[in-house]
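Undergrad: this one's structure only:
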């Protein structure tokens, strides 16, 4: 069945229907990406949207993710995010494009880049989108309330109030510092989602904040593996009890995985991967706590940003 006939349109508003039905026009290529990432515009019924198009033809084979495609897993991650009700992944669909089937995702402009987005076909926007945190950043410093700092480094042995420890880092000058992330409900929700989808690559640069306070996670191509491959910078809640909100969401997700959501995921990931999603959800509910690093797989992505 063609992608245009089987793409999940879950959660798409009339304003984002162009992702499915609009004509894709390539405006540039996002540089420094591991796989082909094209910055596009899609237009439908007079409405134009900026979007990211990742054609399957531009994916590099991964020895540890031999089944399916990155594009399919990106769409699957969006479906699970929508099922939680948290809306942590931008609208994402699987469809045909100029270079064949691929993932198309709504482009998210961070507030500081909105006015400077370059749509020339030879100079696409920066692939990172978020700047890496300053190595000497002080988590105690005042941050812009419209876009608060999410990560930082401190030479203190314990994080300041409002911050959670991740790992001790060694700086270029030989000093050590504590990598910390904000004790932010948006990040905590994302940590729960990552545990469910088994995200092997939650870098700092894969988080996008918007002017209205929303936080989105992007780049979910290496997810849903049957083995435990969780790699993330969001370990600050490891071993802590899950919030009541998260428990309620996981219970709802558990039911939907046995119903319509499970049916949609079956079109995108393998039966073994779908069973592993259900098992991870059930394990989180049984334990009642955020997962901890396992030790058999690097727990921090590299590079971290």
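TA: All right, it came through fine. What you see is a predicted model, and the numbers here were worked out from it, not measured in a lab.
Undergrad: run a quick neighbour tally on residue 169.
TA: Close neighbours of residue 169, defined as other Cβ atoms under 10 Å, add up to 15. From N, CA and C alone the C-beta is placed, and that goes for glycine too.
Undergrad: could you say which helix or strand contains it?
TA: Assessed by DSSP states H and E, residue 169 sits inside strand 163-170.
Undergrad: residues of that strand that come out buried?
TA: Across strand 163-170, burial judged by 16 or more other Cβ atoms under 10 Å covers 163-166.
Undergrad: which strands and helices sit next to the strand or helix carrying residue 190?
TA: Using DSSP H and E, residue 190 sits within helix 185-197. Secondary-structure packing of helix 185-197 (3 or more Cβ pairs under 8 Å, 6 or more residues apart in numbering; DSSP states H and E): helix 70-84, strand 215-217, helix 244-257, helix 271-287.
Undergrad: who's residue 289 bridged to?
TA: For residue 289, the beta-bridge partners are residue 241 (DSSP bridges).
Undergrad: number of residues surrounding it?
TA: 13.
Undergrad: how close does it sit to residue 198?
TA: Applying Cβ to Cβ, to the nearest Å, the value for residue 289 to residue 198 is 17 Å.
Undergrad: one more: residue 27?
TA: 33 Å.
Undergrad: ok, residue 248 next?
TA: Separation of residue 248 from residue 198 (Cβ to Cβ): 21 Å.
Undergrad: with residue 162 instead?
TA: 28 Å.
Undergrad: kindly report the same for residue 88.
TA: As judged by Cβ to Cβ, residue 88 and residue 198 stand 15 Å apart.
Undergrad: sorry, back to before: between residue 162 and residue 198, which is the more surrounded one?
TA: residue 198 (21 against 12).
Undergrad: can you tell me the SS state at the closest residue to residue 231 other than its chain neighbours?
TA: Spatial nearest neighbour of residue 231, chain neighbours left out: residue 301 (4.5 Å); criterion: Cβ to Cβ, 6 or more residues apart in numbering. Following DSSP: H, G, I helix; E, B strand; the rest coil, residue 301 is assigned to coil.
Undergrad: number of nearby residues for residue 301?
TA: Residue 301, neighbours per other Cβ under 10 Å, totals 19.
Undergrad: doesn't residue 233 make contact with it?
TA: Yes: the criterion here is Cβ atoms under 8 Å, and residue 301 meets it with residue 233 at 7.1 Å.
Undergrad: which residues are common contacts for these two?
TA: Counting by Cβ atoms under 8 Å, 6 or more residues apart in numbering, the common neighbours of residue 301 and residue 233 are 202-203.
Undergrad: for residue 298, what are its contacts?
TA: With Cβ under 8 Å, 6+ apart, residue 298 has these contacts: residue 231.
Undergrad: okay, and for this protein, where does confidence drop off?
TA: Where the chain drops to pLDDT under 70, the residues are 1-15, 111-147, 297.
Undergrad: for residue 148, which non-adjacent residue is closest in space?
TA: Per Cβ to Cβ, 6+ apart, closest to residue 148 is residue 182, 6.4 Å.
Undergrad: residues near that neighbour, how many?
TA: Look at residue 182: counted by other Cβ under 10 Å, it has 21 neighbours.
Undergrad: show me which residues of the helix holding residue 190 are buried.
TA: Neighbour counts over helix 185-197 (16+ other Cβ under 10 Å) mark 186-197 as buried.
Undergrad: need these in JSON lines with distance to residue 204, can you?
TA: Listed next are these as JSON lines, based on distance: Cβ to Cβ, whole Å:
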{"residue": "186", "distance to residue 204": "14"}
{"residue": "187", "distance to residue 204": "11"}
{"residue": "188", "distance to residue 204": "16"}
{"residue": "189", "distance to residue 204": "17"}
{"residue": "190", "distance to residue 204": "12"}
{"residue": "191", "distance to residue 204": "13"}
{"residue": "192", "distance to residue 204": "18"}
{"residue": "193", "distance to residue 204": "16"}
{"residue": "194", "distance to residue 204": "13"}
{"residue": "195", "distance to residue 204": "18"}
{"residue": "196", "distance to residue 204": "20"}
{"residue": "197", "distance to residue 204": "18"}
